[in-house]
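A.B. asks: Provide a 3D model corresponding to the input given below.
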Amino acid sequence: MIWFFAGLSIGVICAWVGVQYFRQNARVLEEEKQRLEQERTLVLEFMHNLVAEVSGDSSKKDLHRRIVHAAVLGTGAVSGALYVPTDRQSMRTAAVVGFFPPQKALGEEEGGVTPARSDLISRISEGEELGAGEGIIGEVARTGEVVLINNPDEDPRIVRHPDPMLRVRALLVVPMFFRKRFVGIVAVANPADGMGFSETDSSLAVSLAEQAALAIHNADQMHLQMERQRLDIDLSLAANIQRMLLPGHLPDVSGVELAAVYQTAQQVGGDMYSIISLPEGRTGIGIADVSGKGIAASLLMAICQTSLSHIAREEVSASRVLSLLNASIIDSIRADMFVTMIYAVIDPVSRTVRIARAGHELPVLVSRTDANGKTGGGTCSELFSEGMALGMVPNELFEETIEEKTVPFGPEDLMVLYTDGITERVNRSEEEYSTDRLLDVIRSEKGSSAEDLKSSILGSVESFSEGLAPPDDMTLLVVKGTNSN
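C.D. replies: Next comes the predicted model:
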């Protein structure tokens, strides 16, 4: 009987232990379930806030701060920071919440005095930059691995600051990746409960970092799209201004027939041509090409075009006009930019043209009379004259080199002005169209009207290029003498 009751007691005890073990496991499972639910809630809330942040008008700095705030809140930390990579292969602070301990020694003021707390707060808020591989932040950036330190006194990587406000009691550093692209690091320090960070904290921080990396990527893409839209608006405005400066239609000019074409390789171009009505029935004709492309080239061309129009009405000499134009831009033009230009003045009374060249492609002249005045025995050749590009040298040197030439220009004579986008157009064999091909077309079509000659030249260039898009702006101006006065 004694053995029976003893066995029964042991059975009851075992059953009681089993129940307690089951209850304990159930409690652990319930706590784990609650922890996972809490983590899920924090991540979902974090994602919701980030979506609102990205879709709004907030700056990237605001987004970074929200990420750090979420990491601090989720892990129960006292402070946190977010680091982003720079072009110098270093890491810099992008946002700080609380007094996050700097990850490099702050040093001392002059005389060996420890910086005042107000100076420390200022330095913390301004952030810091760490060299490639420097400190724990550099290590995480290099390895892409999470670093969790709960025993800082035993870890030589921890930076020890004399101010107790900046003492590290625990540190959690997590990298952020978007599709294997490293976008930054989020770090938190010193749990508010005075304990170390748990694996749960680490798991939550990793989850937040994944969502943060996605948010940063989306924000980058959105900001890039907004920048492109702003650039498109700027380009559209520049293109409209450029079209306004170009002649809306070619004017009727006494004694000459005109044809012109202007094609940009991009939305805005660096070429231009001008037809300027001058006193006593004369006509000023200009063509130019700015080095480079884009908005900077178009703005410089607009300045040159308006200045040329103003100066030309005050001067008869073609070379003097270019000299004054050079003087007007030499002090404001960028060192890496210059403008090539030809300016010509056609006089229908004297039947002459005065030409000056500032480093531009040589003008082509076709004379219908030979040296003895015989019609039909003329020449087709380039007219050479000295001259440096505008904006390259001081005006004293520019005036020393600029040369003006006056040549006859009567009925049926031709003058063809162009930019290098014509002669340097390439085909699929990377062969250039060349000046020789241009001259061949002009010689074969010299009896045509100005408009027909222009069309023949463009047709020849397009046929040669075999359908390739032009890499450079193209401008062509054909002037033909007529019998009208």
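A.B. asks: For V173, list the residues it contacts.
C.D. replies: Residues counted as contacts of V173 (Cβ atoms under 8 Å, 6 or more residues apart in numbering) are I136, I137, V140, V146, V147, L148, I185, V186, A187. No exception for glycine: its C-beta is placed from N, CA and C like everyone else's.
A.B. asks: any idea how far it is from M91?
C.D. replies: Separation of V173 from M91 (Cβ to Cβ, to the nearest Å): 11 Å.
A.B. asks: ditto for G281
C.D. replies: Applying Cβ to Cβ, the value for G281 to M91 is 71 Å.
A.B. asks: Tell me who's in contact with the nearest residue to G131 once chain neighbours are set aside.
C.D. replies: Leaving out its chain neighbours, the residue that sits closest to G131 by Cβ to Cβ, 6 or more residues apart in numbering is S90, at 5.2 Å. Taking Cβ under 8 Å, 6+ apart as the criterion, S90 is in contact with E129, L130, G131, A132, E134.
A.B. asks: give me the low-pLDDT residue ranges for the stretch 251-400 of the chain?
C.D. replies: For the stretch 251-400 of the chain, the stretches with pLDDT under 70 are 267-268, 369-378.
A.B. asks: Can you show me the strands along it?
C.D. replies: 256-263, 271-277, 283-290, 339-347, 352-358, 364-366, 380-382 (DSSP state E, counting those that start in this stretch).
A.B. asks: before we move on, what about the stretch 101-250 of the chain?
C.D. replies: Using DSSP E, counting those that start in this stretch, strands in the stretch 101-250 of the chain cover 129-130, 147-149, 171-178, 181-191.
A.B. asks: Make a markdown table out of these and add distance to D201.
C.D. replies: Rendered in a markdown table, the data for the strands of the stretch 101-250 of the chain read as follows (distance: least, Cβ to Cβ, whole Å):
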| stretch | distance to D201 |
| --- | --- |
| strand 129-130 | 23 |
| strand 147-149 | 8 |
| strand 171-178 | 6 |
| strand 181-191 | 7 |
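A.B. asks: With distance to V426 and mean neighbour count as new columns, can the strands of the stretch 251-400 of the chain be given to me in JSON lines?
C.D. replies: Listed next are the strands of the stretch 251-400 of the chain as JSON lines, based on distance: least, Cβ to Cβ, whole Å; neighbours: other Cβ atoms under 10 Å:
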{"stretch": "strand 256-263", "distance to V426": "15", "mean neighbour count": "19"}
{"stretch": "strand 271-277", "distance to V426": "18", "mean neighbour count": "21"}
{"stretch": "strand 283-290", "distance to V426": "17", "mean neighbour count": "26"}
{"stretch": "strand 339-347", "distance to V426": "20", "mean neighbour count": "25"}
{"stretch": "strand 352-358", "distance to V426": "25", "mean neighbour count": "24"}
{"stretch": "strand 364-366", "distance to V426": "21", "mean neighbour count": "21"}
{"stretch": "strand 380-382", "distance to V426": "21", "mean neighbour count": "14"}
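A.B. asks: So for A77, which of those strands sits nearest?
C.D. replies: A77 lies closest, by Cβ to Cβ, to one member of the strands of the stretch 251-400 of the chain: strand 283-290, at 56.3 Å.
A.B. asks: That closest one: how far from the chain's middle?
C.D. replies: Distance of strand 283-290 from the chain centroid (Cα atoms, centre = their mean, to the nearest Å) equals 30 Å.
A.B. asks: And the closest residue in space to N395 that isn't next to it in sequence, how close does it get to H310?
C.D. replies: Once flanking residues are discounted, N395 sits nearest to A327: 4.4 Å by Cβ to Cβ, 6+ apart. In this structure, A327 and H310 are separated by 13 Å, where distance is defined by Cβ to Cβ.
A.B. asks: neighbour count winner among these two?
C.D. replies: Taking neighbours as other Cβ atoms under 10 Å, A327 and H310 compare with A327 leading, 17 against 13.
A.B. asks: still on that earlier bit, can you redo the contacts of V173 as TSV, where the extra columns are distance to I303?
C.D. replies: What follows is those, written out as TSV (distance: Cβ to Cβ, whole Å):
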residue	distance to I303
I136	54
I137	48
V140	51
V146	57
V147	56
L148	61
I185	47
V186	49
A187	51
